[in-house]
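Chemist: Everything below, folded, please.
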Amino acid sequence: MSAVVGSPVDGRAGPLSGVDDPVFSQQMVGPGMAVTPGGGRGDAVAPIAGTVATLHPHAFVITAAGGASVLVHLGIDTVKLKGEGFALHVAKGDIVEAGQPMVTWDPTEVEAHGYSAVCPVVVLEVEAEALGDFREAGAVTAGEPLFSVRE
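Modeler: You can find the predicted model right below:
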């Protein structure tokens, strides 16, 4: 069985190798894709249905019923913003649906602080071979499939 992982934001999808952070570009935390947001203030949505396993203003992990855990990181080094500019809409332990708003944020504000707004979307604790059906690099709307993961 496989789960479809959707884009958390509107923007441009591309490979993790293009992310300016070796933790993501070298897939140290896991394989996936990256999405560069295409606008200002808006919601980052759940890429899959499941339980909120980890929640920070700048990042969250959702664990699907089949066991796959998907990390969404809103920008690079955005932990340094200490939550400024991020509004949470869920709590750790909540059950969410794919496409449900998780965090409201402003990628242009993140960039104004000198950080990249790119959003790595990574499946934790799996080999790259567990992922498939990668979308072509290019424009993507929040909720549209990025790739699938075998659970």
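Chemist: For residue 71, name its beta-bridge partners.
Modeler: residue 61, residue 122 (DSSP bridges).
Chemist: Verify the stated contact: it with residue 31.
Modeler: No - checked against Cβ atoms under 8 Å, the pair residue 71 and residue 31 is beyond contact range at 11.1 Å. The way it works is simple: take the backbone N, C-alpha and C, and place the C-beta from them, glycine included.
Chemist: which neighbours do the two share?
Modeler: 122-123 (Cβ atoms under 8 Å, 6 or more residues apart in numbering).
Chemist: Counting neighbours, what do you get for residue 69?
Modeler: 20 (other Cβ atoms under 10 Å).
Chemist: Same question for residue 33.
Modeler: 23.
Chemist: okay, now the closest residue to it other than its chain neighbours: neighbour count?
Modeler: Distances taken as Cβ to Cβ, 6 or more residues apart in numbering place residue 146 nearest to residue 33, at 4.8 Å, with adjacent residues excluded. Residues lying near residue 146 (other Cβ under 10 Å) number 22.
Chemist: Let me see the contact set for residue 146.
Modeler: By Cβ under 8 Å, 6+ apart, the neighbours of residue 146 are 5-7, 13, 32-33, 35, 47, 121, 134-135, 140.
Chemist: Residue 25 touches residue 14, doesn't it?
Modeler: No - using Cβ under 8 Å, residue 25 makes no contact with residue 14, being 11.0 Å away.
Chemist: neighbour-wise, which of the two wins?
Modeler: residue 14 (18 against 15).
Chemist: Name the SS class of the more buried one, please.
Modeler: strand (DSSP: H, G, I helix; E, B strand; the rest coil).
Chemist: Test of understanding: give the bridge partners of it.
Modeler: Taking DSSP bridges as the rule, residue 14 bridges to residue 34.
Chemist: distance of it from residue 22?
Modeler: Using Cβ to Cβ, to the nearest Å, we find residue 14 at a distance of 16 Å from residue 22.
Chemist: What segments of the chain are strands?
Modeler: Secondary structure of the chain (DSSP state E): strands at 2-6, 11-15, 32-37, 42-45, 50-56, 59-63, 69-73, 87-88, 95-96, 101-105, 119-124, 131-132, 138-140, 145-150.
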